[in-house]
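Q: I need the structure of the sequence given here:
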Amino acid sequence: MSRLALPEPRRIVHPLRDATTAVTSVQELPNHRRRVTIDHQPLHGVTPAMLLWWFQNIGGTMEYDGEVVDRYLVWHPVDHIRWELARPSPAGGAREGARFRIVEALGARPEYYIDTTERVEKLDETGIRLVRRFAGVKVLELSHTWSRCQGHTHYVSVMEIGAVARTYAGVNRYLTRRRFPVAMARAWVVHNVEEVGLLEHILPALHPFEPARA
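A: Here you go, the predicted structure:
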């Protein structure tokens, strides 16, 4: 599959959160696995129902900076390149069992280009889990978990790279050293903090079922 060109960066209408607003860690695990955790600053004006709706309807468009733009491109005006529903859920649309194609360049850097298709193994009002498997073995898991508490939503992102089985240590080493090295993992932390923070600005006006609540 040919690499997609990076689009011209769009004007950043809403402020981007700094990575220091979140509690983050990059852990090296046995058998050359890696876990990246981001405990985000709470989201205000956003509910778990809004987040569920967002991931189920991310393929739509919205108005941004005076034009109609793909929602995925609004979600990060600089880094995002394309989102596709590579395969619908058995129930239809972007639900559990669907496959999402995600194309982005972290920090708009060509060397941090990502083009991946992952299966949605969970999507409900508590979070989303995206999984990539190799020969049936899980080699990548990205989980976003959210919960409502005291007028805001708590949001945690966890990426785990590598298979648990010791026999996959060589594959894991390739993934964590060549395909997604530590520097790229840290760039993903910055990217994810920015895009999650933008949901505060995108969702309250876009979500059709309930008004924003502080």
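Q: how near is His207 to Val46?
A: 9 Å (CB to CB, to the nearest Å). Where you see a C-beta, it was placed from the backbone N, CA and C, and this is true even at glycine.
Q: so for the two, which residue has more residues nearby?
A: Just comparing His207 and Val46: by other CB atoms under 10 Å the higher neighbour count belongs to Val46, 25 against 19.
Q: so what does the more buried one look like in phi/psi?
A: phi -130, psi 130 (degrees, to the nearest 10).
Q: ok, it to Gly197 distance?
A: 10 Å.
Q: so where do the helices sit in the chain?
A: Counting by DSSP state H, one finds helices in the chain at the ranges 48-56, 71-75, 169-174, 182-206.
Q: excluding chain neighbours, what is closest to Arg87?
A: Spatially, and ignoring its direct neighbours in sequence, Arg87 is nearest to Arg99 (4.0 Å; CB to CB, 6 or more residues apart in numbering).
Q: do I have it right that the one you found meets Glu121?
A: No. Between Arg99 and Glu121 there is no contact under CB atoms under 8 Å: 10.5 Å.
Q: returning to what we had before: what sits against the residue nearest to Arg87?
A: 85-87, 117-120 (CB atoms under 8 Å, 6 or more residues apart in numbering).
Q: in PyMOL, select just the buried ones from these.
A: Per 16 or more other CB atoms under 10 Å, the buried members of the contacts of Arg99 correspond to this PyMOL selection:
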select buried, resi 118+119+120
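Q: among the contacts of Arg99, which are located in strands?
A: 85-87, 117-120 (DSSP state E).
Q: could you measure from the residue lying farthest from the centre of the chain over to Val156?
A: Relative to the centre of the chain, and counting by CA atoms, centre = their mean, the farthest-placed residue is Thr167 at 28.6 Å. Using CB to CB, Thr167 is found at 30 Å from Val156.
Q: coming back round to it: wait, which of the contacts of Arg99 is closest to His76?
A: Taking CB to CB as the measure, His76 sits nearest to Glu118 out of the contacts of Arg99, at 17.3 Å.
Q: so how far is Leu29 from the closest one?
A: In terms of CB to CB, Glu118 sits 20 Å off from Leu29.
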